[in-house]
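Colleague: Can you look at this prediction? I've put the sequence above it.
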Amino acid sequence: METAVFSRADILALLLFFACWLGYDAALRLLARGPGTLNADMMVVRDAWMRAMTTREVRIVDSQLMGHSINSASFFASANLLLIAAVAGVLFGGEAALRGVAEVSRDEVPLGLIEAKLGLVTLCLARGLLDFIWSIRQLNYSLAVIGGAPDDGEERARYARAASDLLNPALASFSQGVRGYYFALAAGAWMIGPWGLAVGTAGVTGLLVWRQSRSAAARAIRRLRGEIEGDHDPSGSGNAV
């Protein structure tokens with residue numbers, strides 16, 4: 001088996017990829033201190049949901065909404081498993097399979113480098129799978145929390161705050177899992193070459209930031225947050241998910 005040979009362009013593209021992939025959460029936290037982000041604003045909306053949940057005598061709607069979130073996370077986790085199996089099948093399918101993938105590149109590429117490229121895609125998908133699994137577990141915990149909501153008015157506010165503190169990380173893990181698909185696409189662009197990886201990384205990062213801060217959905221949720229905070233100002237609402 002040939003040894004992977006990374007050119008200087010490959011190394012620079014990889015550094016950009018990992019800086020964007022691993023630094024994205026920190027970037028969201030910085031954005032949340034300014035105009036805000038979609039995920040940070042949704043924390044306030046979910047706080048309002050949990051407050052409303054504690055005031056309802058029948059919480060069937062809340063349970064159905066949670067069930068929908070669990071089904072969505074389960075679907076994405078299953079899709080991740082299939083994609084991981086497909087990429088791993090090529091990665092460990094022998095020289096013939098790797099040669100077939102190498103034909104995507106215009107230049108002659110060592111098989112070791114092809115393995116590294118497929119490995120990066122698998123790494124992104126594997127991290128996303130773990131995020132979806134953790135999201136499903138936390139959402140199941142949230143179901144029990146909703147089922148145990150008290151009827152005593154004095155306890156409702158504290159219980160709603162605690163329920164929100166559990167629900168927000170659960171859906172944050174879901175968001176991180178979905179984000180894994182974006183960066184898996186960027187990693188796949190490395191098959192074209194190092195410039196494909198660099199452009200793909202910059203493209204998906206810019207798209208994610210735009211959707212978080214400038215998209216129509218982000219503006220709508222920001223207005224809704226303003227309406228909610230006209231009556232309530234929950235602590236911790238500025239933290240990015």
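Modeller: Great, that's in hand. Numbers count the residues shown, from 1 in each chain.

Colleague: Now do the contacts for the residue sitting nearest the centre point of the chain.
Modeller: Residue closest to the mean C-alpha point of the chain, counted by C-alpha atoms, centre = their mean, is residue 176 at 1.8 Å. Under the criterion of C-beta atoms under 8 Å, 6 or more residues apart in numbering, the neighbours of residue 176 are 25, 128, 131. Heads up, the C-betas are built off the backbone N, CA and C, glycines and all.

Colleague: And the next helix or strand past the one helix or strand in the chain whose mean pLDDT sits lowest?
Modeller: The weakest-scoring helix or strand in the chain, judged by mean pLDDT, DSSP states H and E, is helix 95-102 (a mean of 66). Proceeding N to C from helix 95-102, the next assigned helix or strand is helix 111-147, under DSSP states H and E.

Colleague: Now the element after that following helix, going C-ward?
Modeller: By DSSP H and E, the next helix or strand past helix 111-147 is helix 153-188.

Colleague: Could you check the angle that following helix makes with helix 111-147?
Modeller: Using axes from the mean of the first three to the mean of the last three C-alpha atoms, to 10 degrees, the direction of helix 153-188 lies 170 degrees away from that of helix 111-147.

Colleague: Report the buried residues of helix 153-188.
Modeller: 156, 159-161, 163-164, 166-168, 170-184, 186-188 (16 or more other C-beta atoms under 10 Å).

Colleague: same deal with stretch 46-56?
Modeller: With burial defined by 16+ other C-beta under 10 Å, the residues of stretch 46-56 counted as buried are 46-51, 53-54.

Colleague: likewise stretch 137-153?
Modeller: Under the neighbour-count rule (16+ other C-beta under 10 Å), stretch 137-153 has 138-139, 142, 145-146, 149 buried.

Colleague: What is the nearest of those residues to residue 61?
Modeller: Of all those, the one with the least separation from residue 61 (C-beta to C-beta) is residue 146, at 10.3 Å.

Colleague: How much space separates the residue nearest to the centre of the chain from residue 146?
Modeller: Relative to residue 146, residue 176 is positioned 23 Å away (C-beta to C-beta, to the nearest Å).

Colleague: Surely residue 7 touches residue 195?
Modeller: No. With contact defined as C-beta atoms under 8 Å, residue 7 and residue 195 do not form a contacting pair (11.0 Å).

Colleague: Looking at the two, which is more packed in?
Modeller: The neighbour count for residue 7 versus residue 195, taken as other C-beta atoms under 10 Å, is higher for residue 195 (14 against 11).

Colleague: Next, the angle from the helix or strand hosting the more buried one to helix 111-147.
Modeller: Counting by DSSP H and E, the element that carries residue 195 is helix 194-213. Here helix 194-213 runs at an angle of 20 degrees relative to helix 111-147 (the same axes, to 10 degrees).

Colleague: in helix 194-213, what counts as buried?
Modeller: Neighbour counts using 16+ other C-beta under 10 Å place 194, 196-201, 204-205, 208-209, 212-213 of helix 194-213 among the buried residues.

Colleague: Could you identify the most distant pair in those residues?
Modeller: Those two in the buried residues of helix 194-213 that are separated most widely, counting by C-beta to C-beta, are 194 and 213, at 28.7 Å.

Colleague: Good, we can wrap up now.
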